[in-house]
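Colleague: Sequence and computational prediction follow.
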Amino acid sequence: MSLNQLTEQEQLDVQKIRKRVIEAIGRNMDLYGVTLSTGHLYGLLFFADKPMTLDEMGEEMKMSKTSMSTGVRTLLDLKMVNKVWEKGSRKDLYEVEFDWYQTFHDFFSTKWRNAVETNLSVLQRSIEEIDRWIGQQSEENVLSVLKEDKRKMKEAVQYYEWLDRLIDTMESGDIYKLVPKVDHRQD
């Protein structure tokens with residue numbers, strides 16, 4: 001059933017509920033580094049009955065086509081929205097990616113992997129430098145500081161190696177054996 005098949009009051013009630021959800025989605029999209037308006041755009045597409053064009057989104061959100069294009073491009077890059085083809089339409093159409101598990105996985109795996117690689121590289125280089133300095137140092141106070149710093153860095157390396165394994169678990173799908181997906185579609 002589409003929203004248009006409801007009475008005017010029912011449509012207003014549904015739109016009020018949807019607006020509350022869209023606002024919450026918009027506010028929380030900063031987790032993905034997304035602006036509030038782009039979060040609202042995602043919320044609009046989430047409740048859309050069919051794929052939408054940039055013009056339709058702009059009209060609905062009272063925003064320019066340029067703003068819509070920027071927001072959609074961001075959502076496409078994050079794999080939160082898909083570009084779809086519809087027979088007879090010459091305009092680009094977009095719909096939300098409903099697999100939030102996959103969206104979470106894609107986004108955080110990429111971000112975390114980049115952070116892990118960068119931080120591990122810096123830590124390993126720094127530990128090697130400390131080792132060289134320790135080999136050349138005879139002053140006990142300096143040695144004490146260097147050894148304590150090395151200990152802290154090795155703990156950080158252990159954390160990033162653990163995070164790397166967590167990312168592997170997400171990418172392989174094994175995470176869902178540990179924390180199963182919830183399926184409410186039968187509700």
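Modeller: Yes, it's here.

Colleague: Could you use CA atoms for every contact and neighbour count after this?
Modeller: OK.

Colleague: Which of the helices or strands spans residue 130?
Modeller: Mapping residue 130 onto the secondary structure by DSSP states H and E places it in helix 100-136.

Colleague: Oops, could you answer that again for residue 159 instead?
Modeller: helix 140-172.

Colleague: farthest residue from the center of the protein?
Modeller: Of all residues in the chain, residue 138 has its C-alpha farthest from the mean position, at 49.0 Å, by C-alpha atoms, centre = their mean.

Colleague: quick one, phi/psi of it?
Modeller: Torsion angles at residue 138 (phi, psi; degrees, to the nearest 10) stand at phi -120, psi -10.

Colleague: now for the helix or strand containing residue 75, which elements pack on it?
Modeller: Per DSSP H and E, residue 75 falls inside helix 65-77. Using 3 or more C-alpha pairs under 8 Å, 6 or more residues apart in numbering; DSSP states H and E, the elements in contact with helix 65-77 are helix 36-47, helix 54-61, strand 81-84.

Colleague: Just the pLDDT for residue 184.
Modeller: At residue 184, the pLDDT value in this model is 67.

Colleague: wait, doesn't residue 167 sit right on residue 115?
Modeller: No. Applying C-alpha atoms under 8 Å, one finds residue 167 not in contact with residue 115, separated by 11.3 Å.

Colleague: related to what we said a few turns ago, what's the angle from the helix holding residue 130 to helix 65-77?
Modeller: With axes from the mean of the first three to the mean of the last three C-alpha atoms, to 10 degrees as the basis, helix 100-136 and helix 65-77 are set at 70 degrees to each other.

Colleague: Now do helix 100-136 against helix 140-172, angle only.
Modeller: Using the same axes, to 10 degrees, the inter-axis angle of helix 100-136 relative to helix 140-172 is 160 degrees.

Colleague: one step back: and the residue farthest from the centre of the chain, how far is that from residue 151?
Modeller: To residue 151, residue 138 is 19 Å away according to C-alpha to C-alpha, to the nearest Å.

Colleague: show me what contacts residue 47?
Modeller: Applying C-alpha atoms under 8 Å, 6 or more residues apart in numbering to residue 47 gives the contacts residue 18.

Colleague: Name the residues of stretch 37-51 that are buried.
Modeller: The neighbour-count check on stretch 37-51 (16 or more other C-alpha atoms under 10 Å) flags 37, 38, 39, 40, 41, 42, 43, 44, 45, 46, 51 as buried.

Colleague: swap that for stretch 130-141, please
Modeller: Residues of stretch 130-141 classed as buried by neighbour count (16+ other C-alpha under 10 Å): 130, 134.

Colleague: Check stretch 2-19 too.
Modeller: Neighbour-count burial for stretch 2-19, counted by 16+ other C-alpha under 10 Å, picks out 18, 19.
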